[in-house]
Structure formats: C-alpha cells, structure tokens
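# Sharing a model prediction with you, sequence too.
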Amino acid sequence: MLKGTIYLQGDKSISHRVLILASISKGTSKIYNLSKSDDVKRTINILRSCGITIKTINNTTFVNCKKNKLEATKKRFYCGNSGSTARFMLGFLPSQGISGTLYGDKSLSKRPMQRIIRPLKEMNIQINSKNNTLPITFTASKPKAYKHKLKIPSAQVKTALIFAALHNDSPSFITDPFKTRDHTERLLKYIGYNRKGYARFDLKNFKYSVAGDISSAAFLITAAILIPNSNITLKNILYNKTRSGYISILKKMGANIRISRKKIQCNEPICNMQIKYTKNLNSINLYQDDIITMIDEIPAFALLASFAKGTSKITDAIELRYKETDRIKAIAYNLKKFGINIREHNSGFTITGPNNLHNTNIKDFGDHRIAMMCEIAKLTINYKEIKSKKLQKKINVSFPEFYKILENLYV
Ligand code: S3P
C-alpha cells in the first residue's frame with residue numbers, strides 16, 4: 001500500500017512561464033519550488049545562453065537579466081523533448097531581438113509546429129522551417145499588433161502569441177474559446193499587468209512560489225486509488241479549474257478524494273488532497289470540455305478506467321495524437337498488453353472493465369507519461385516490478401522524483 005504525506009515539485013507548465021517572464025523583469029526575481037524536470041531545464045539553458053543568470057540555492061531560484069536585454073552567445077537552441085520550450089521560445093526569442101535555430105530530440109522533431117508558425121508569421125515574426133517541424137530558424141523581428149482567436153485548444157499556442165505580443169506598444173488580442181489552461185494570464189495579473197489586450201509593459205522583479213505539479217500528482221493519485229489500503233496526502237497542489245479535470249472526473253467515478261485548505265497562492269488556486277484506496281469505481285465518458293482540463297492526465301485516467309465497472313469512452317481527443325507520441329495508440333498498445341479490454345478509435349478509445357492485469361513487456365514510445373502509466377500499472381500488480389527504476393531517464397522529462405516518492409510512500 002502507499003501511505004504518507006508529500007509536497008511535490010512545482011508545476012512544470014507554470015515553471016516555464018515564470019522563468020521566461022522573470023528573465024525580462026528588472027532586477028532579480030525569486031522563484032520558490034521550480035520544477036526540476038528536464039523540460040524546464042531546457043528552458044533554463046536557453047535563457048542562460050541569452051545572457052540570463054539563473055541560480056538555484058536550496059529550493060529558491062534567482063533569475064537576473066544584468067544587461068536589461070537578452071543577448072545570445074549561441075545560434076542554436078536545444079529544446080530536448082519539451083514542446084512548451086519550443087513553442088514559447090518561438091514567440092519569445094525573435095521578439096526579444098534574438099535570431100537562431102530551435103531544435104529538439106526525435107520525438108519533438110515530429111510534433112506539429114504549423115499551429116504556431118502560421119499565427120506568428122501573421123504577427124510579422126520571421127520564421128523558416130522546411131516541413132513545419134523542428135528545426136526552425138527565426139530572425140529577430142518586431143511583432144505587429146494582432147487579433148487572433150485560437151483555432152485549436154492549445155495553451156502553448158496562446159502563450160507563445162502572448163509572449164510575442166508583449167513587445168509591441170499597441171495591444172494584441174488573443175482569445176481562447178476553448179478555455180485552455182490560463183497560467184500565463186494569471187501570472188501576468190500577479191506581476192502587475194492590468195491592461196486590456198497584451199502589449200509592452202515595464203516588468204519589475206517579483207517573487208513567485210510554484211504550486212505542486214498536478215500532472216505529476218495524477219500518477220500518485222491513480223496509484224493510491226488502485227492499491228488496497230492506500231492513504232496519501234498531497235500538500236499545496238495546483239487546483240486550477242483549467243487543470244483539475246481529472247480530480248472532478250475521479251470524484252464522479254466514486255474515488256475517495258478529499259480536498260481541504262483551498263487557498264490562493266500567487267494568483268493560482270491550490271489545495272491539499274487526501275486520496276484513499278477505492279474498491280468500486282464507476283465507468284465514465286469523457287468529452288472535449290473534460291479533456292481540455294485533463295489533457296496530460298489521459299494516460300493516468302485510462303489506467304484507472306480499466307479498473308472501473310462498465311464501459312468508459314473518450315471522444316474528441318484527437319489532440320492526444322500530437323503529444324510526445326501518439327498517446328491514443330500508445331495507451332491502447334500497452335493497456336492491451338496488460339490484458340485490458342481497450343479499443344482504439346480515431347479520436348479516443350473505449351475501455352470496458354474491471355480488468356485483471358497481468359505483467360508484460362511494455363513500450364514507452366519515448367513518452368514520459370506513457371512510461372509512468374505503465375509503471376503504475378505494474379505497481380498495481382507488484383512493487384518489485386518497478387524497483388529497478390528502469391525508466392528513470394524517460395520519466396525525468398517531467399517528474400524526476402517519481403520513483404523516489406513511490407519508494408518512500410510504499411509500505
Ligand atoms: C501545456 C499545454 C498543453 C499540455 C502541455 C503543456 C502548456 O499542450 O499538453 O503538456 O504548458 O501550455 P497543448 O498546448 O499542445 O495542448
């Protein structure tokens with residue numbers, strides 16, 4: 001069983017955004033509890049190669065731009081596996097007067113970038129890419145004021161456009177009919193931005209405390225619900241409506257979750273969560289609005305739905321095919337191997353449960369969240385199956401403490 005109380009590293013999604021805005025603030029900004037993931041390290045390294053000093057002492061990160069503007073010592077910027085780094089930097093760097101090339105690992109080099117290239121070009125950002133994938137070359141550009149309504153539910157696209165817009169005196173208007181995660185908007189408000197639209201503003205140094213990562217938490221929550229007698233508490237976890245879809249769905253499925261100490265920290269809702277083993281789970285159907293608020297939690301959800309009684313169906317989740325791997329395919333492939341009754345559709349899948357899992361050889365498809373889904377599936381069979389920490393490197397992309405925390409919680 002899993003037992004104990006933990007504080008998680010800071011949310012990855014928020015960490016990228018805070019670092020980027022801290023790098024253009026005057027003076028030294030202090031960020032507490034930044035994510036230690038490889039993805040966030042990619043953002044840190046790119047900012048450093050543009051002259052930003054970033055140092056972490058104990059759990060506080062100090063960010064300082066000495067020259068009051070970015071100056072690159074390199075022309076090639078490595079984004080690793082991080083879609084957020086690539087897309088945010090494509091909006092941010094050229095408008096900061098930087099020219100160069102963004103490139104990534106094998107998985108990132110296959111991900112669609114047209115979604116961000118097209119609107120950025122319309123904003124006057126000069127971009128060159130062969131197939132609308134990385135590597136992408138860009139030239140220092142002056143963005144023009146721009147009006148854009150998101151065509152696909154992507155907070156990465158929204159944020160890249162906002163970052164570009166912050167370098168023009170006239171405001172740009174970016175509207176998001178899908179209500180994707182709103183961390184950029186909340187963060188800007190927190191650091192004093194209160195104009196309509198997005199335009200240049202004088203950003204002073206700030207202090208920020210990053211809430212615990214809800215997407216990492218999702219795997220621990222899933223494990224605690226599925227492993228008999230478990231009872232864990234997660235403290236100071238992000239509880240933002242645009243990210244907490246999985247928690248609402250778990251409650252509807254009958255999972256034993258108790259939310260307490262709700263409060264606002266740095267303009268983001270946070271809470272404590274107590275999660276207990278739940279014997280009987282109901283199946284559920286998920287639709288587009290649910291999926292947007294739990295887009296990164298679908299692998300964890302799929303595993304959990306395999307234990308629920310009845311048929312759970314996910315539709316309108318085509319975006320899952322454009323993540324670190326085609327997640328619809330990777331979920332179906334692995335869960336089938338565990339003996340689960342799952343059927344893949346064009347924009348989702350159907351799972352009928354409850355299922356009895358048996359051990360198998362998995363394929364992580366180079367995707368950290370598929371790797372964690374498989375490790376939690378194995379953990380429900382037997383702890384010794386994951387003791388060798390075989391997938392540590394893959395999982396470092398988002399949640400380096402994954403195995404260590406499970407080791408500490410396991411009794
Ligand atoms: C993110 C947005 C989502 C999510 C990703 C992080 C962000 O991607 O899957 O892990 O920080 O804005 P999309 O914008 O592609 O949906």
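Perfect, I can see it now. Numbers count the residues shown, from 1 in each chain.
# so how far is stretch 184-194 from its chain's centroid?
19 Å (Cα atoms, centre = their mean, to the nearest Å).
# Quick check: mean pLDDT of it?
In this model, stretch 184-194 carries a mean pLDDT of 97.
# The stretch 51-200 of the chain: helices as residue ranges?
Counting by DSSP state H, counting those that start in this stretch, one finds helices in the stretch 51-200 of the chain at the ranges 83-95, 114-122, 155-165, 183-190.
# Ok, which of the ones you listed comes nearest the ligand?
helix 155-165 (3.4 Å; Cβ to the nearest ligand atom). C-beta coordinates here come from the backbone N, C-alpha and C atoms, glycine included.
# tell me which strands and helices that closest one is in contact with?
helix 12-22, helix 83-95, helix 114-122, strand 173-175, helix 183-190 (3 or more Cβ pairs under 8 Å, 6 or more residues apart in numbering; DSSP states H and E).
# about what we covered before: export the helices of the stretch 51-200 of the chain as CSV, with columns for mean neighbour count and distance to the ligand.
Formatted as CSV, the helices of the stretch 51-200 of the chain follow (neighbours: other Cβ atoms under 10 Å; distance: least, Cβ to the nearest ligand atom, whole Å):
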stretch, mean neighbour count, distance to the ligand
helix 83-95, 26, 5
helix 114-122, 18, 8
helix 155-165, 25, 3
helix 183-190, 20, 7
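# Quick one, which of the ones you listed gets closest to I221.
I221 sits nearest to helix 183-190 of all the helices of the stretch 51-200 of the chain, at 20.4 Å, using Cβ to Cβ.
# Kindly report the residues of the stretch 151-300 of the chain close to the ligand.
Within the stretch 151-300 of the chain, the residues that sit near the ligand (Cβ under 6 Å from any ligand atom) are S154, A155, Q156, T159, R181, I295, D296.
# Quick check, the last one in contact with R369.
Yes. With contact taken as Cβ atoms under 8 Å, D296 and R369 are classed as touching, separated by 6.5 Å.
# more crowded one of those two?
Counted by other Cβ atoms under 10 Å, D296 and R369 do not tie: R369 has more neighbours, with 29 against 22.
# close to the ligand, is whichever strand or helix holds that one?
Using DSSP states H and E, R369 maps to helix 368-381. No. Using Cβ under 6 Å from any ligand atom, helix 368-381 never reaches the ligand; the gap is at least 8.8 Å.
# which strands and helices sit next to that helix?
Here helix 368-381 touches helix 214-226, helix 298-305, helix 327-337, helix 392-395, helix 402-409, going by 3+ Cβ pairs under 8 Å, 6+ apart.
# How about residues contacting the fourth one?
Same thing as helix 392-395. D364, G366, D367, H368, A371, M372, E375, P400, F402, Y403 (Cβ atoms under 8 Å, 6 or more residues apart in numbering).
# now, which of these sits nearest F206?
Using Cβ to Cβ, P400 is the member of the contacts of helix 392-395 that lies nearest F206, at 26.1 Å.
# rewinding a little: any chance of the helices and strands packed on helix 155-165 in CSV, plus distance to G310?
CSV is the format used below for the helices and strands packed on helix 155-165 (distance: least, Cβ to Cβ, whole Å):
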stretch, distance to G310
helix 12-22, 32
helix 83-95, 34
helix 114-122, 36
strand 173-175, 38
helix 183-190, 35
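# so which of these gets nearest N396?
Short answer: helix 12-22, nearest of these by Cβ to Cβ, at 11.6 Å.
# Now do the buried residues in the helix holding R369.
368-380 (16 or more other Cβ atoms under 10 Å).
# related to what we said a few turns ago, in the residues of the stretch 151-300 of the chain next to the ligand, find the pair that's most separated.
T159 and D296 (15.1 Å).
# re the thing from before, what's next to the helix holding R369, contact-wise?
Against helix 368-381 from outside (Cβ under 8 Å, 6+ apart): 81, 215, 219, 222-223, 226-227, 296, 299-300, 302-303, 307, 323-325, 327, 330-331, 334-335, 338, 357-359, 362, 364, 385-386, 391, 394-399, 402, 406.
# thinking again about what came up before, can you list the helices and strands packed on helix 368-381 in CSV and add mean pLDDT, distance to V63 and mean neighbour count?
Converted to CSV, the helices and strands packed on helix 368-381 look like this (pLDDT from 0 to 100; distance: least, Cβ to Cβ, whole Å; neighbours: other Cβ atoms under 10 Å):
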stretch, mean pLDDT, distance to V63, mean neighbour count
helix 214-226, 98, 23, 26
helix 298-305, 98, 32, 27
helix 327-337, 98, 33, 22
helix 392-395, 98, 26, 18
helix 402-409, 97, 26, 18
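# Need those helices in TSV (columns: distance to N285).
Compiled in TSV, the helices and strands packed on helix 368-381 are given as follows (distance: least, Cβ to Cβ, whole Å):
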stretch	distance to N285
helix 214-226	19
helix 298-305	10
helix 327-337	16
helix 392-395	30
helix 402-409	29
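# To L34, which of these lies closest?
Of these, nearest to L34 by Cβ to Cβ is helix 214-226, at 13.5 Å.
# So for the helix or strand following the closest one, what gets flagged as buried?
Sequence-wise, the next helix or strand downstream of helix 214-226 (DSSP H and E) is strand 231-238. Residues N231, I232, T233, L234, K235, N236, I237, L238 are the ones in strand 231-238 that count as buried (16+ other Cβ under 10 Å).
# Break this structure down into its domains, please.
The chain breaks down by automatic domain parsing into domains covering 12-209, 214-409.
# Would you convert those into TSV that also reports distance to M1?
Output for the domains of the chain, formatted as TSV (distance: least, Cβ to Cβ, whole Å):
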stretch	distance to M1
domain 12-209	27
domain 214-409	4
